[in-house]
Every structure is written in structure tokens, then in C-alpha cells.
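S.K.: sequence plus predicted model, see below.
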Amino acid sequence: MQDFERFVSHLKWESLSLAILMVVLTHKSPYSIWWLAVGFPLVDVFMIGYIISPNAGAITYNLGHNMTIPTLLIAYGVFTSTEIISLVGFIWIFHIAVDRLLGFGLKNRESFHITHMGNIKKSK
């Protein structure tokens, strides 16, 4: 268990550094860092699958909380000088990083509470 806790601790430090990087990149862009706060809750639209089932919810949640698409958006925005596309990527990765910093990871199909960062269900 100690190895797993160390692993999660490393993931949280990594997430903190990514969140800070997104703040810096947003600040360097033509947009205000307030856009990170405004856009933050929008990423949770990917939880919509939980209306259907835990399995569907895990699929949609994990699609929206995977860093591949927002990283590609940032790259596309940088290479095409389309700052708004990069901003969407900054917001998206900022959201994922903060979620993981708080212990919310990619979901297991069995339960919303089981993630790659451990069980997030509060013990009673």
C-alpha cells in the first residue's frame, strides 16, 4: 500500500505542475486567466454518461478526462496561431490537473468512486 500511496503522491505533484503550467500559458496568451475558472466546470459535461450507467459514465468521463485531446488542441492552436483553440486546451488540461490534484482520477467501469488514483469514496 505504501508504494501505491507514493505513486499517487507523485501523480498529485505532476498534476500541480501541470495546473501551474496552464495558468502560466494562459497568462502568456491574449486571454485572462479568469477563463480557466469560467471554463473549469464545462469539462464535467463528460459525466453525462452516468445518467445511463456506471459503465457508460466511466467511458464518457475517461474520454473527457484524458489529456490526449486537449494536448492536441494546444499543439494545433500553437502551430496554426489560433489562440482560442489553445485556450480550450489550457482550460481542459487545467481541469484535469486540478481534478487529479484533488484525488479524482480516471474512473473504473464498476463504480464512480474507484479511480486509477484509489477509492475516492469517503469512509464512514
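M.R.: That came through fine.
S.K.: so residue 49 sits against residue 57, correct?
M.R.: Yes. Using C-beta atoms under 8 Å, residue 49 is in contact with residue 57, at 4.1 Å. Every C-beta, even on glycine, is put in place using the N, C-alpha and C of the backbone.
S.K.: strands of the chain, start to end?
M.R.: 107-108, 111-115, 118-119 (DSSP state E).
S.K.: pLDDT weak spots in the protein?
M.R.: 1, 4, 7-8, 114, 117-118, 121-124 (pLDDT under 70).
S.K.: nearest spatial neighbour of the residue most central in space within the chain, chain-adjacent residues omitted?
M.R.: Nearest to the mean C-alpha position of the chain, by C-alpha atoms, centre = their mean, lies residue 96 at 1.1 Å. Excluding the flanking residues, the one nearest residue 96 by C-beta to C-beta, 6 or more residues apart in numbering is residue 65, at 5.3 Å.
S.K.: residue 87 touches residue 35, doesn't it?
M.R.: Yes. Between residue 87 and residue 35 a contact is recorded at 6.1 Å, counting by C-beta under 8 Å.
S.K.: returning to that earlier point: show me what contacts the residue nearest to the centre of the chain?
M.R.: Contact partners of residue 96, counting by C-beta atoms under 8 Å, 6 or more residues apart in numbering, are 15, 18, 43, 65-67, 70.
S.K.: neighbours around the residue nearest to residue 96, how many?
M.R.: Neighbours of residue 65 under the rule other C-beta atoms under 10 Å: 22.
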